[in-house]
Every structure is written in structure tokens, then in C-alpha cells.
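Student: this one's structure only:
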């Protein structure tokens, strides 16, 4: 089964989002699963994991409603207030009863403090999350957040972590690439850390990029994680800022050329199924 491990939907009438804003008119509208479904079919993808786009309890309920209503949704990564561990625990007691609820994300890249995710109260919230057997998506943006992942993996060893978008490698600014690759390898040294081949098109020159631009980052990710801890994600509809679903899918396949059938199967679905415990 092919799985898109990172897609978004949103409803502007139901939820208040900090982003997208009117400055992104192609995204500043309600975008829901019926719009995603034909794109998945065309690519031969069985379904998607929906990932939160707002640090808002109501959005998590909205995403779970979408999962119940649309077969293409295989799982939901929602939100709880990790910086308030007791409250997070109470919400998780309710959410974990829903079979579509697979994990949590917080928009750490939107926090003024780049060290927010390693605050003591947040780490305690992550321990609560781990106690429910759930996952944490780390929306790390290099250089501010990737460096914290080894500390999280050590402090909460029972927590499965997924690095969204390979922590946005500096594809355009090659001067920082070596440091990014070093930090990625340090994170990958912990077996509970996984990563998503997602969002790479928006790390490129938006107006002019090719699948080959991804190659160094993808190769570094394979060296660090191996296929068994890598998973494909479209980051749709954000991907539309620098292409579209089909172009991202084709670029991913191009970067998997030469890999074994088993490696391709893992990246295109197997890893996500195991990580998020999809059925």
C-alpha cells in the first residue's frame, strides 16, 4: 500500500489558521479531502496521513471528522498543549479512543523561542504523549530545531519521532549543507527517530527546480536513516507553492531510481504504515 505520510487539509470557515494568509491566494481557501482524492488516485497512492496546520484543539477534531468521512484518510496527526502536560494528558485520554488519531505535532517553527521544544514542561508533555504510544512530528527548520532532536530522543526514549521535511535542508544555500547533514546524522543515530522525504520542493528555488536538486539531500537521508526509517510525504497543498502533487510525486520517484524494490516499498508506504500503525 502506497501512503502519503504528510498532507494537509483545512477549512477556513471552521478553524482559525495563522497560515496560510491572503498573501498566498492559491492556499487561502478551504481545501478538503475531495480535492486531494483524485491526485492520490493518479499517483497510485492508497491514502494519506493528515497533519495539523493549527495549534488548535478544534482543528484536531476537524481532521478526525475528515478521517471518518473520507476513505483516503488513513490517520491524523493532531495537536495537544504539550507545554501543559496535565491538560495534554486529559485531551489524549479522549483522542486515543479514536482509531484515526496517530500522533501530535506542534508548530515549533512558529514559536519565538527556538528552544521551545526542549523546555522542561514540553519534554514532560512529550513523556505523556509517549505513555499513550503515540508519535511526535518534529516540524524542525534547520538550523534552529534539528539540533534538538538528539536531546529529545534521549530524554523521551519511548517516543517515536518523525522529522518533517528533512528539517528543510539548505538546498539553495549550499554553504550550510554540511552542517545540516551532520545534524541529520546525529538525529538518525537514535533508532526512534524517523524522517520524511517531504517539502523538498519548497526548499529549492520555487520558480526553477528539478528533481536532481533534491539528490544530495535524499542521499544524505538514506545514508543516515536507511529506507526503513524514511517515508514519502507530499506536503500538499503547500507543495503547490513550488509545483503540484504530480510533480512532487515524480521527483520522489526519480530520486528513488536505482534503489531496491524493498527500499522503494518502505519509503513509499511501508515505513509510514509501521510508524503510524496504519491499517
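Tutor: Received it, and whenever you're ready, just let me know what you need. Note that the coordinates shown come from a computational prediction; the quantities given were computed from them, not determined experimentally.
Student: out of everything not next to it in sequence, what's closest to the residue most central in space within the chain?
Tutor: The C-alpha lying nearest the average C-alpha coordinate of the chain belongs to residue 164 (C-alpha atoms, centre = their mean; 3.8 Å). Excluding its sequence neighbours, the residue lying closest to residue 164 (C-beta to C-beta, 6 or more residues apart in numbering) is residue 139, at 4.7 Å. For the C-beta atoms, the positions are set from N, CA and C on the backbone; glycine is no exception.
Student: The one you found: neighbouring residues, count only.
Tutor: The burial count assigned to residue 139 is 21, neighbours taken as other C-beta atoms under 10 Å.
Student: what pLDDT does the residue nearest to the centre of the chain get?
Tutor: The confidence metric pLDDT takes the value 98 at residue 164.
Student: That one: what's it in contact with?
Tutor: When contacts are counted by C-beta atoms under 8 Å, 6 or more residues apart in numbering, residue 164 touches 6, 51, 105, 137, 138, 139, 140, 196, 198, 199, 233.
Student: distance of it from residue 19?
Tutor: Distance of residue 164 to residue 19, computed by C-beta to C-beta, to the nearest Å: 15 Å.
Student: just residue 67 next, same as before
Tutor: Distance check for residue 67 against residue 19: by C-beta to C-beta, it reads 22 Å.
Student: So for the two, which residue has more residues nearby?
Tutor: When residue 67 is set against residue 19 and neighbours are counted by other C-beta under 10 Å, the residue ahead is residue 67, at 24 against 14.
Student: tell me which element the more buried one falls in.
Tutor: helix 57-69 (DSSP states H and E).
Student: Show me what counts as buried in that helix.
Tutor: Neighbour-count burial for helix 57-69, with 16 or more other C-beta atoms under 10 Å as criterion, is recorded at 59, 60, 61, 62, 63, 64, 66, 67.
Student: Can you lay out the residues you listed as TSV showing pLDDT?
Tutor: Putting the buried residues of helix 57-69 into TSV (pLDDT from 0 to 100) gives the following:
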residue	pLDDT
59	98
60	98
61	98
62	98
63	98
64	98
66	98
67	98
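Student: quick one: which of those is nearest to residue 1?
Tutor: If you rank the buried residues of helix 57-69 by distance to residue 1 using C-beta to C-beta, residue 67 comes first, at 16.3 Å.
Student: hang on, isn't the closest one packed against residue 78?
Tutor: No. The criterion here is C-beta atoms under 8 Å, and residue 67 misses it with residue 78 at 10.2 Å.
Student: Just confirm residue 190 is within a helix.
Tutor: No. The assignment for residue 190, made by DSSP: H, G, I helix; E, B strand; the rest coil, is coil rather than a helix.
Student: which residues sit in contact with it?
Tutor: Neighbours of residue 190 in contact, by C-beta under 8 Å, 6+ apart: 149, 150, 153, 154, 157.
Student: Name the helix or strand for the first one, please.
Tutor: Here residue 149 is covered by helix 149-155, with elements defined by DSSP H and E.
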